[in-house]
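Enquirer: coords please:
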Amino acid sequence: MTTTAASDTGTTIDAGGIETYYHDVGPRDGAPVLLLHGSGPGVSGWANWRLNMDALAAAGNRVLAPDLVGFGATERPPGVHYSLSTWAGQVFAFMDALEIRRTALVGNSLGGRISLEMAGRHPQRVERMVLMGAPGPGMTMTPGLKAVREYEPSEENMRQLLLECFAVDPSIITDDLVRNRYQASIANGAHETYVEMFTDKHNATALGISEDEVRSIRTRTLLVHGREDKVIPLEIALNMVRLLPDADLAVFARCGHWTQIERSTDFNNLVGHFLGAKE
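Expert: Model prediction:
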């Protein structure tokens, strides 16, 4: 069984023509669980899921955390159009490359929106899903999301962004975390790609989802949301749990947009139970 010790312990695979970097933890014959990260500056599969991969794998799951195209160490092919369709297509191609026909999805923020896209497009390939701080119907540009999208690279700007928008507990925003996220936000054209993704009007509007689209998704779902989330307000999750035909909602108090980091033990226990529960 592989364990996650550092951010450079991953490997790469061709996913539909995109050389995709990913972490692969747990028994290869375990039930597959794909962890899809969010879209904050400097994000990657490792940055989002470093406190969760081993815990979810300990229950016998094969836990996979890819870097979505445009993020982390995954290739940024010239001419790629960053969109929900592109990201969902990359994840399906990633599954195909690893010969995974059906999987559980755990999606944080943008990763949650991609999970909804995948469940709507090919429901037979999504066994169940966890949506954490995911956008949904009624989503508007909150001050927190605006700050995330307008980030200009500097170590101090990264510190302020993480403190003001992502966490309730300031003690988790360490100097190492700030430095690592800042360095990742400027590496290998990352900031230029980030600006391209989220200042293009088409990309910004194409992330929305209608109430009818949500109602049509029958996948068994767990919504997890921080009560003090400043990026995606709790009201979005309250609306989503009313619309999804088969969904539960857990709200974490004293928690912002990073439920999997700020309340990692509670998150791991809750999600691990949900993934292992029988129908």
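
Enquirer: show me where the stretch 51-200 of the chain has strands.
Expert: Assigned by DSSP state E, counting those that start in this stretch, the strands in the stretch 51-200 of the chain fall at 61-66, 103-108, 126-132.

Enquirer: may I have the last one exported as CSV, CA atoms only?
Expert: Put plainly, it is strand 126-132. Presented in CSV, the C-alpha positions along strand 126-132 are these (Å, rounded to 0.1, in the frame of the first residue of the first chain):
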residue,chain,number,x,y,z
VAL,A,126,-20.3,7.7,-11.0
GLU,A,127,-21.1,5.3,-8.1
ARG,A,128,-21.7,8.1,-5.6
MET,A,129,-20.3,11.6,-4.9
VAL,A,130,-19.3,14.0,-2.2
LEU,A,131,-19.7,17.7,-2.9
MET,A,132,-17.7,20.1,-0.6
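
Enquirer: so what strands line up beside that strand?
Expert: Neighbouring strands of strand 126-132 in its sheet, by DSSP bridges, are strand 103-108 (parallel), strand 221-226 (parallel).

Enquirer: okay, buried residues for that strand please.
Expert: Using 16 or more other C-beta atoms under 10 Å as the test for burial, strand 126-132 gives 126-132. Using the backbone N, CA and C atoms, a C-beta is placed for each residue, glycine as well.

Enquirer: which one of those is nearest to residue 174?
Expert: residue 132 (21.7 Å; C-beta to C-beta).

Enquirer: show the contacting residues for that closest one.
Expert: Going by C-beta atoms under 8 Å, 6 or more residues apart in numbering, residue 132 touches 106-109, 112, 223-225, 259-260, 267.

Enquirer: what number of residues lie near residue 135?
Expert: As a burial measure, residue 135 scores 21 neighbours (other C-beta atoms under 10 Å).

Enquirer: was I right to think it contacts residue 111?
Expert: No - using C-beta atoms under 8 Å as the test, residue 135 is too far from residue 111 to be in contact (10.6 Å).

Enquirer: quick one: residues contacting residue 43.
Expert: 37, 71-72, 181, 184.

Enquirer: now with 10 Å?
Expert: 37, 67-68, 71-72, 108-111, 181, 184-185, 190, 194 (C-beta atoms under 10 Å, 6 or more residues apart in numbering).

Enquirer: could you dump the strands paired with strand 126-132 to a markdown table with distance to residue 121?
Expert: Shown next, in a markdown table, are the strands paired with strand 126-132 (distance: least, C-beta to C-beta, whole Å):
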| stretch | distance to residue 121 |
| --- | --- |
| strand 103-108 | 12 |
| strand 221-226 | 16 |
